[in-house]
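J.: what follows is a predicted structure for the sequence shown.
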Amino acid sequence: TFRDLRPSPSSEPDGSLLGGLDPCLAVPLREKRRGRSLISGHVARNGTPLPLNAMAKQLISFSTIGTAHNAPRFWIEGGRLSSLGFAPGTPIHIEAAPRQLTITPAILSDRLVSYRTAAGSNRPIIDLNSHRLLAGLAEYGELKVLGSDSRLLITPSIRAFSILRARRHTGPFRVFDVFAGGGTLSDAFTSNPDFQVIGALELEPAYADEYCRKHPDADVIVGDIRKISPDELPECDIIAAGIPCTSHSNQGRAKHGLAGRPELGDAGDLYIHMLSLIAAKMPAGVILENVPNFRNSLAGLTVMANLRRIGYSVDEHIIEPNAQWAEPTTRNRWVCIATLRQGFELSIPNTPHTAAISEYLDAPDPARDQADAERIATTVAGLRRHNERHAALGHGFEIQVLDGLETAAPVICKSYHKINSSGFFVQTPYGPRLLRQGEIARLHGQNVLTDHYATAVAMMGQGVLTRVFRQIVQQLGAFLSSREAAQTGAVA
């Protein structure tokens with residue numbers, strides 16, 4: 001279906017802005033059809049392109065403000081200006097009002113429509129280079145030109161309004177969590193007065209239930225981001241997203257045969273829809289995280305390049321929690337912090353973890369330890385035989401059993417509860433046992449409310465390290481809430 005979102009003439013200030021558009025003659029293109037777009041022209045209702053001189057007299061264009069001779073400069077160029085009454089040499093009158101300019105033809109004026117010769121014709125140009133005229137618009141940077149017969153209206157674009165508003169906002173900041181999981185990323189925001197978690201998007205109903213228990217006042221939307229319009233999601237000031245890593249992790253690439261092409265995996269294209277959401281909402285800040293491999297993948301490079309192109313300042317790092325953030329786990333992650341204000345730089349403490357991981361484990365409990373060890377003894381014996389066969393082939397598989405004296409814990413993946421060769425165990429007098437839910441939560445600095453072990457492990461195994469991200473969020477909040485930082489320049 002086609003929904004026409006054009007304002008009616010009566011909704012415009014003088015009721016005539018679209019008066020030159022004859023609905024019986026032509027319709028503006030709302031999407032690419034037959035290789036032509038709204039900016040490039042119109043088509044008749046039978047689909048035949050109209051010649052320039054028969055075009056419905058409407059113009060919509062977007063452009064940024066430049067500078068020339070230390071003054072703001074904005075110009076409008078195109079053959080359609082002639083059909084609107086602004087042929088080369090036409091005197092023009094410019095009326096300045098707060099946040100808008102209106103240009104109309106005049107009988108006498110010092111300002112004339114100029115031109116340049118291109119493709120064998122004279123192309124009209126209206127060139128504005130004046131502090132006086134552009135003073136009320138320069139801070140927006142990006143302007144929209146809406147033209148009808150003998151009238152051009154210049155205003156800030158909706159995007160420019162959104163960016164300037166976001167840059168000037170000093171909190172509290174509304175947080176929307178995408179790919180929310182069990183809420184381990186949003187947990188980093190909850191104790192910070194600069195932020196308010198207002199909603200989340202999550203595909204798995206069990207994870208959404210967990211999120212609702214943690215954030216009863218948030219609107220939790222269950223669905224696939226690919227099938228949801230940004231208009232159906234709430235307005236927000238911060239978008240936080242732990243983009244699913246199943247297509248980008250080493251394990252995921254190997255399991256699904258995605259070496260060199262992770263974007264083709266089941267979750268490999270989610271970054272595209274993430275970028276669409278960011279561009280639609282233009283929040284003041286964005287926090288993204290993924291596995292280190294994501295950083296130099298086509299997806300990761302596209303994400304960072306696109307964020308910069310639409311106006312964000314991007315600061316990204318590989319987080320090493322055990323070596324840099326005094327955390328017991330070695331679960332390294334890529335993190336990207338994008339802000340509409342320029343100048344945010346993450347401060348990394350570079351403090352290694354030196355305590356024994358036994359501080360995060362339960363105290364010895366003979367009865368419980370024995371029961372836990374005996375429950376998995378047969379499986380562990382099978383793993384040892386499996387590893388011995390692979391070791392003989394030079395594959396190097398080896399069961400990891402920790403005695404608690406180590407200062408670093410291996411990575412705990414979402415399938416840890418399945419007891420596979422990629423996991424590790426805790427040594428007891430009765431044999432190896434699995435980490436318990438509370439121990440994983442302490443190692444990761446996470447809080448999971450469900451008491452179902454497999455669900456909890458899956459949430460924590462693919463969630464963020466909340467203690468680390470709480471520090472990142474604290475730095476972001478201090479930056480965004482600074483009134484000094486809010487005094488920024490125009491839209492990029």
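T.: Nice, I can see it.
J.: check which helix or strand the residue nearest to residue 88 when sequence neighbours are not counted maps to.
T.: In this structure, residue 88 finds its nearest non-sequential neighbour in residue 115, 3.7 Å apart by C-beta to C-beta, 6 or more residues apart in numbering. For every residue, glycine as well, the C-beta is placed using N, CA and C. Under the criterion of DSSP states H and E, residue 115 resides in strand 114-118.
J.: name the residues that touch that strand?
T.: Contacting residues not belonging to strand 114-118 are listed as 77, 88, 89, 122, 123, 124, 125, 126, 127 [C-beta atoms under 8 Å, 6 or more residues apart in numbering].
J.: likewise stretch 373-385?
T.: 399, 419, 420, 421, 425, 428, 430, 431, 432, 433, 434.
J.: test my guess that the first one contacts residue 425.
T.: I take that to be residue 399. Yes. Using C-beta atoms under 8 Å, residue 399 is in contact with residue 425, at 6.9 Å.
J.: who's more crowded, the two?
T.: Neighbour count, other C-beta atoms under 10 Å: between residue 399 and residue 425, residue 425 has more, with 20 against 14.
J.: what does the pLDDT read for the residue lying closest to the more buried one once chain neighbours are set aside?
T.: Spatial nearest neighbour of residue 425, chain neighbours left out: residue 432 (3.4 Å); criterion: C-beta to C-beta, 6+ apart. Looking at residue 432, its pLDDT is 96.
J.: what sits against the most centrally placed residue in the chain?
T.: Nearest to the geometric centre of the chain sits residue 278, at 4.4 Å (C-alpha atoms, centre = their mean). If you count contacts by C-beta under 8 Å, 6+ apart, residue 278 has them with 239, 286, 307, 310.
J.: what are the buried residues along the one helix or strand it maps to?
T.: In this structure, residue 278 sits in helix 270-281 according to DSSP H and E. Within helix 270-281, the residues that count as buried by 16 or more other C-beta atoms under 10 Å are 270, 271, 273, 274, 275, 277, 278, 281.
J.: now, which of those sits nearest residue 190?
T.: Closest approach between the buried residues of helix 270-281 and residue 190, by C-beta to C-beta: residue 281, at 21.0 Å.
J.: how close does that closest one get to residue 339?
T.: 14 Å (C-beta to C-beta, to the nearest Å).
J.: how about the strands of the stretch 151-300 of the chain, start to end?
T.: Under the criterion DSSP state E, counting those that start in this stretch, the stretch 151-300 of the chain contains strands at 151-156, 173-178, 195-202, 219-222, 238-242, 285-290.
J.: quick one, the second one and strand 238-242 angle?
T.: Think strand 173-178. Angle between the axes of strand 173-178 and strand 238-242 is 30 degrees (criterion: axes from the mean of the first three to the mean of the last three C-alpha atoms, to 10 degrees).
J.: any idea how many residues pack against residue 200?
T.: Neighbourhood size, residue 200 [other C-beta under 10 Å]: 29.
J.: also residue 153?
T.: 16.
J.: which non-adjacent residue is nearest it?
T.: Closest residue in space to residue 153, ignoring its immediate chain neighbours: residue 146 at 4.8 Å, by C-beta to C-beta, 6+ apart.
J.: same thing with residue 189?
T.: residue 195 is the one closest to residue 189 (C-beta to C-beta, 6+ apart), at 4.2 Å.
J.: measure that neighbour to residue 438 for me?
T.: 27 Å.
J.: and residue 60, by the same measure?
T.: 59 Å.
J.: quick one: contacts for the residue nearest to residue 138 when sequence neighbours are not counted?
T.: Using C-beta to C-beta, 6+ apart and skipping residues adjacent in sequence, the residue nearest residue 138 is residue 72, 4.3 Å away. The contact partners of residue 72, by C-beta under 8 Å, 6+ apart, come to 65, 66, 129, 130, 131, 134, 135, 137, 138.
J.: about what we covered before: okay, residue 195 and residue 438: which has more neighbours?
T.: Shown here are residue 195 and residue 438; by other C-beta under 10 Å, residue 195 has more neighbours (26 against 13).
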